[in-house]
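Participant: Predicted coordinates and the sequence they were generated for:
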Amino acid sequence: MIYAELTEQITGWIKEKVHGAGMKGVVVGLSGGIDSGVTAALCVRALGAENVLGLVMPCESIAADTTDGHRTAIHLGMPVKEIDISPILEAFVSAGELDTSNVLNLANVKARLRMTMEYAHSGNRLVAGTGNLSETKTGYWTKWGDGAADFLPIADLWKDEVGELAEYLELPEWILTRVPSAGLWIDQSDEDEMGVTYTEIKKYFTLGSDSVSAAAAQRIARLHTSSAHKRKPIPYYHARGWLDERQ
């Protein structure tokens, strides 16, 4: 079975990354969604539940996100810690005199605060990222937010493949059927925000732009192009050669 083999491959890779870094475990943010659920489940299989710390970080979130994050941890038998970062967000916004009417900017701040909290709890753990290939291709992640991690177990899997892997890992039905959402504002969903479906994204990159509508192709192309900087290493000016020649 392909997903049995894939699970073995990924869990072996996780062990290699964690132990190779001299660490014992990992920390992962739990949103109650399928991506964080699959990531946590793979880490539990690789390292043992006691070595995977889940963080549930409500930030002006709906109650269901917090509840589902805890439910994920209970299902996997892993330790979990809840940290309400709403007061931190309020202080940050106040100190920076940020414009709260800019919903996307505020959402990015939330994502970065959550990742900061994950690293604050890393200690002898690596931080596991939860992004998938559909999001990587379209740039649907916050730079230095959910995109900042020590390793990414499912970043090369399309969204539907994550779902199929979740079924193999026997995650509960409520995770499998949950509407994908970053939980950054009320009634937010990934596909509504992106303006295209995960199915269209996969078709565009695997079958070509003609496999989706012209409007979807244009939207996906724009998302991919505008997010190119997110997928590249931090650029720096190569002064070394010029200096060495003159010294």
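Facilitator: Right, received. Where do you want to start? Residues are numbered from 1 along each chain as shown.
Participant: show me where the protein has helices.
Facilitator: Applying DSSP state H to the chain gives helices spanning 2-20, 34-47, 63-76, 86-96, 103-120, 133-138, 159-168, 173-176, 190-194, 198-207, 214-226, 240-246.
Participant: For the protein, name the helix or strand with the lowest mean pLDDT.
Facilitator: Every helix and strand in the chain was compared by mean pLDDT, DSSP states H and E; the lowest is helix 190-194, with a mean of 81.
Participant: Pull out the buried positions in that one.
Facilitator: 190-191, 193-194 (16 or more other CB atoms under 10 Å). Yep, even glycine has a C-beta here, placed from its N, CA and C like the rest.
Participant: quick one on the thing from earlier: where among the helices of the chain is the average confidence lowest?
Facilitator: Of all the helices of the chain, the minimum mean pLDDT falls on helix 190-194 (a mean of 81).
Participant: which secondary structure elements does that one contact?
Facilitator: Here helix 190-194 touches helix 198-207, going by 3 or more CB pairs under 8 Å, 6 or more residues apart in numbering; DSSP states H and E.
Participant: Just list what the helix it packs on packs against, helices and strands only.
Facilitator: helix 133-138, helix 159-168, helix 190-194, helix 214-226.
Participant: For these, state which one has the densest average packing.
Facilitator: Among the helices and strands packed on helix 198-207, helix 133-138 has the highest mean neighbour count (mean count of other CB atoms under 10 Å), at a mean of 22.
Participant: Export the least confident helix or strand of the chain to CSV, keeping only CA atoms.
Facilitator: Output in CSV follows, covering the C-alpha atoms of helix 190-194 (Å, rounded to 0.1, in the frame of the first residue of the first chain):
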residue,chain,number,x,y,z
ASP,A,190,-8.4,28.6,2.6
GLU,A,191,-10.1,28.1,-0.8
ASP,A,192,-12.2,31.3,-0.4
GLU,A,193,-9.2,33.3,0.5
MET,A,194,-7.0,31.9,-2.3
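Participant: Give me the distance between that helix and the centre of its chain.
Facilitator: Offset of helix 190-194 from its chain centre (CA atoms, centre = their mean, to the nearest Å): 15 Å.
Participant: What of stretch 162-175?
Facilitator: With CA atoms, centre = their mean, you get 17 Å for stretch 162-175.
Participant: So which residues make contact with that stretch?
Facilitator: Stretch 162-175 has contacts (CB atoms under 8 Å, 6 or more residues apart in numbering) with 1, 3-4, 6-7, 32-35, 37-38, 41-42, 45, 68, 71-72, 75, 132, 154, 157, 176.
Participant: Endpoint to endpoint, that stretch covers what distance?
Facilitator: 12 Å (CA to CA, to the nearest Å).
Participant: ok, now stretch 97-105?
Facilitator: 13 Å.
Participant: go on, stretch 57-69?
Facilitator: 9 Å.
Participant: list the buried ones in that stretch?
Facilitator: 57-59, 61, 65-66, 68-69.
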